[in-house]
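[1] only the shape, not the letters, is given here:
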């Protein structure tokens, strides 16, 4: 796994190529999160392979600024227990999804975000087995674009997108957003 917490990293780019895996929580592992970017600035994650956490979160972001995650059409970001992407107190966070982002419970989750943008493109699937697929509380300036051919779904939840106590929220949908 990749841990950026120690040095409050700045200007880090992580590129996970096709056929490659960044994984946490496997037998003998002490890490819960495949990628942790706490107190990071200018963090970029480009995923064409697999980012997976079997215990907690695929990507964990806390109190970070100016982050971009791009999940390409061959990419999978997955968490077996918790959110695939989890962020608290983040500013200027942009997510581009062309592939699959999946979690058993709340796929993209967090709180207290400012300038949160999630773009799900044609062929992109953001899926949660249980719980809201996208769940954020206390956000300011949140935009979710679900383009034609894209899917945001949660077959085991009441809401697929759950934004609570937010201000200036825009949801643009040309694809499918569905819940139970």
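    Everything's here; your move. Since this is a predicted model, take the numbers as computed values, not measurements. Residues are numbered from 1 along each chain as shown.

[2] least trustworthy helix or strand in this structure by mean pLDDT?
    Using mean pLDDT, DSSP states H and E, the weakest-scoring helix or strand in the chain turns out to be strand 2-3, at a mean of 56.

[3] so in that sheet, which strands flank the helix or strand that it is followed by, and in what orientation?
    Next helix or strand after strand 2-3 toward the C-terminus (DSSP states H and E): strand 13-16. Paired neighbours of strand 13-16 in the sheet (DSSP bridges): strand 41-47 (parallel).

[4] what mean pLDDT does the partner strand have?
    Here strand 41-47 scores 94 as its mean pLDDT.

[5] same deal with stretch 154-165?
    Stretch 154-165 comes out at a mean pLDDT of 90.

[6] start and end of it, how far apart?
    One end of stretch 154-165 to the other measures 21 Å (CA to CA, to the nearest Å).

[7] swap in stretch 132-140?
    19 Å.

[8] buried residues, it. List them.
    132-136, 138-139 (16 or more other CB atoms under 10 Å). Every residue, glycine included, has its C-beta placed from N, CA and C.

[9] out of these, the closest to residue 152 would be?
    Minimum distance to residue 152 across these is 5.2 Å, recorded for residue 133 (CB to CB).

[10] ok, what's across the strand from the residue nearest to the spatial centre of the chain?
    By CA atoms, centre = their mean, the chain has its centre lying nearest to residue 85, at 3.1 Å. Residue 85 forms beta bridges with residue 59, residue 108, as assigned by DSSP bridges.

[11] OK, contacts around residue 85?
    57-59, 61, 69, 77, 95, 101, 107-109 (CB atoms under 8 Å, 6 or more residues apart in numbering).

[12] isn't residue 99 up against residue 124?
    Yes. Applying CB atoms under 8 Å, one finds residue 99 in contact with residue 124, separated by 6.4 Å.
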